[in-house]
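Novice: Build me a model:
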Amino acid sequence: MPSGPQRDSLAAKLLIARKDGAAEAAASTDLLIQGLVERLPKANGAWPLDDRAKWLRTAVSIFDLVYKTDEGEHREIGVTLANQESERIA
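Specialist: Residues are numbered from 1 along each chain as shown. Okay, the predicted model is just below:
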């Protein structure tokens with residue numbers, strides 16, 4: 001595990017093994033999230049907006065697969081690209 005400020009990074013938090021008694025579910029969840037995090041480009045590198053949106057859409061799909069919502073919660077998370085004039089590009 002990285003030391004210092006990196007320890008509190010999103011990637012570090014996502015990769016921490018869950019120890020809540022559901023080892024099998026946690027292992028498969030960790031593998032999906034780990035695979036997603038491993039596809040992040042290096043910090044300070046170029047990452048086109050279309051690729052960022054694709055990564056975020058993939059994250060939404062993985063989270064929908066491995067996490068349940070509260071009962072009665074029927075909303076969706078979506079990712080769209082917009083230009084500076086706030087026109088929807090999708």
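Novice: May I have the phi/psi pair for residue 82?
Specialist: phi -130, psi 150 (degrees, to the nearest 10).
Novice: Could you check the pLDDT of it?
Specialist: At residue 82, the model reports a pLDDT of 88.
Novice: what's the burial count for it?
Specialist: 10 (other CB atoms under 10 Å). To be clear about C-beta, it is placed using only N, CA and C from the backbone, and glycine gets the same treatment.
Novice: So which residues of the chain form helices?
Specialist: 10-15, 23-38, 49-66 (DSSP state H).
Novice: Mean pLDDT lowest where, among these?
Specialist: Taking the mean pLDDT of the helices of the chain, helix 10-15 comes last: a mean of 59.
Novice: Residue 50 touches residue 80, doesn't it?
Specialist: No - at 11.6 Å, residue 50 does not count as touching residue 80 under the criterion of CB atoms under 8 Å.
Novice: residues near the spatially closest residue to residue 58 that is not a sequence neighbour, how many?
Specialist: Spatially, and ignoring its direct neighbours in sequence, residue 58 is nearest to residue 36 (6.2 Å; CB to CB, 6 or more residues apart in numbering). Look at residue 36: counted by other CB under 10 Å, it has 18 neighbours.
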